[in-house]
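Fold the stuff below for me.
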Amino acid sequence: MSLLKPARKLHKILSYFVFIQVTLWIAGGAYFALVPFKPLVKSQDYYQPPAITADPLAVSETIRYMDEPLESLTMSPSAQGPLLKTGQSVFSVHTGHEALPIDKDAIARFAQTLYTGPGSLNSPKFLDTVAPKVAGLVDEVGGRTDLWLVEANDGPGTRLYFDAYGTLVTVRNDAWVGFDLLWKLHIMDYGEGEDFNNPLLMIFSVSALLFALSGCVLAVGGLRQSLGRRLTKHKRARG
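Numbering: from 1, shown residues only. Modelled structure (predicted):
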């Protein structure tokens, strides 16, 4: 009995403090469990990642053409064939020279080879910047600029983003936006959505734990009181 009064007071105070966040945790958990992640959120049923195919001799010749130190070198498929990227420079394996930005027709043809969904693709649009969604909380492209956007007329609203050279940057859709929003709300990191150890999450986690424990104390205390009243009533009935 001595614990019931402080537990009731603590539980009431914490309920005002954590109930919104606890609701968001539950909503996020339900979304993560119910919405297919790879097929829908990651768009695996709606596009096929481009394959990298290149003639080793052509790659070697392109590397020889580069006149800058090769601190790092990556090869990526693109709308103009395989590209070699080193530092800020981009080279075309097909031509052996520095790659040039491409036009919307090449982007449209390349996007058509990647898209596997049931819808049709709109004409590519070049975007200087991509506006964040949902009150600025969701950034589909991680702050990248100067991108081609190809949107699909399908259920999830598939969106393919390409850089100026025709390299696929990312594929997004409305399910991904919902997932990213709820994920950031879930871990309470409203920026990058990667920090599990931020102070805000720690405070609310401890508060939610105390809320649950005080609720357990109230539940056990209420059960004991109920059983006590039943026993007393039963004794009086027999006596």
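
which SSE is residue 185 in?
Assessed by DSSP states H and E, residue 185 sits inside helix 174-187.

Show me the shaky parts of this structure.
In the predicted model, the chain carries pLDDT under 70 at residues 1-2, 11, 67-70, 228, 232, 234-239.

Which SSE is immediately downstream of the longest strand anywhere in the chain?
When the chain is parsed with DSSP state E, its longest strand is strand 145-151. With elements assigned by DSSP H and E, the helix or strand that comes after strand 145-151 is strand 159-162.

what lines up beside that next one in the sheet?
strand 145-151 (antiparallel), strand 168-172 (antiparallel) (DSSP bridges).

helix/strand/coil for residue 197?
Three-state call for residue 197 (DSSP: H, G, I helix; E, B strand; the rest coil): coil.

Equivalent analysis for the one 3 residues further on, please.
Local secondary structure at residue 200 is given as helix here, using three-state DSSP.

Which residues are in contact with it?
Counting by Cβ atoms under 8 Å, 6 or more residues apart in numbering, residue 200 touches residue 188. Quick note: C-beta positions are derived from backbone N, CA and C, even for glycine.

And stretch 135-153, what's buried?
For stretch 135-153, a neighbour-count test (16 or more other Cβ atoms under 10 Å) marks 138, 139, 140, 141, 147, 148, 149, 150, 151, 152 as buried.

meant to ask about stretch 56-66
By neighbour count on 16+ other Cβ under 10 Å, the buried set for stretch 56-66 is 58, 59, 62, 66.

Which residues does it contact?
70, 73, 75, 82, 84, 86, 89, 91-94, 96-97.

and the two most separated of those?
Farthest pair in the contacts of stretch 56-66 (Cβ to Cβ) is 70 and 94. Separation: 19.6 Å.

Between the two, point out the one with more neighbours.
Legend: neighbour count by other Cβ atoms under 10 Å for residue 70 and residue 94, higher for residue 94 (15 against 10).

all helices of the protein, in order?
For the chain, the helices defined by DSSP state H cover 4-34, 56-65, 104-114, 174-187, 199-238.

Would you mind measuring from the one residue sitting closest to the centre of the chain to residue 28?
Nearest residue to the geometric centre of the chain (Cα atoms, centre = their mean): residue 180, 3.5 Å. Residue 180 sits 11 Å away from residue 28, going by Cβ to Cβ, to the nearest Å.

Enumerate every residue touching the closest residue in space to residue 114 that isn't next to it in sequence.
In space, and not counting its chain neighbours, residue 114 is closest to residue 47: 5.0 Å by Cβ to Cβ, 6 or more residues apart in numbering. Residues in contact with residue 47, defined by Cβ under 8 Å, 6+ apart, are 114, 115, 116, 117, 158, 160, 171.

Turn these into JSON lines, including distance to residue 213.
As requested, these are exported to JSON lines (distance: Cβ to Cβ, whole Å):
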{"residue": "114", "distance to residue 213": "51"}
{"residue": "115", "distance to residue 213": "51"}
{"residue": "116", "distance to residue 213": "50"}
{"residue": "117", "distance to residue 213": "48"}
{"residue": "158", "distance to residue 213": "45"}
{"residue": "160", "distance to residue 213": "48"}
{"residue": "171", "distance to residue 213": "44"}
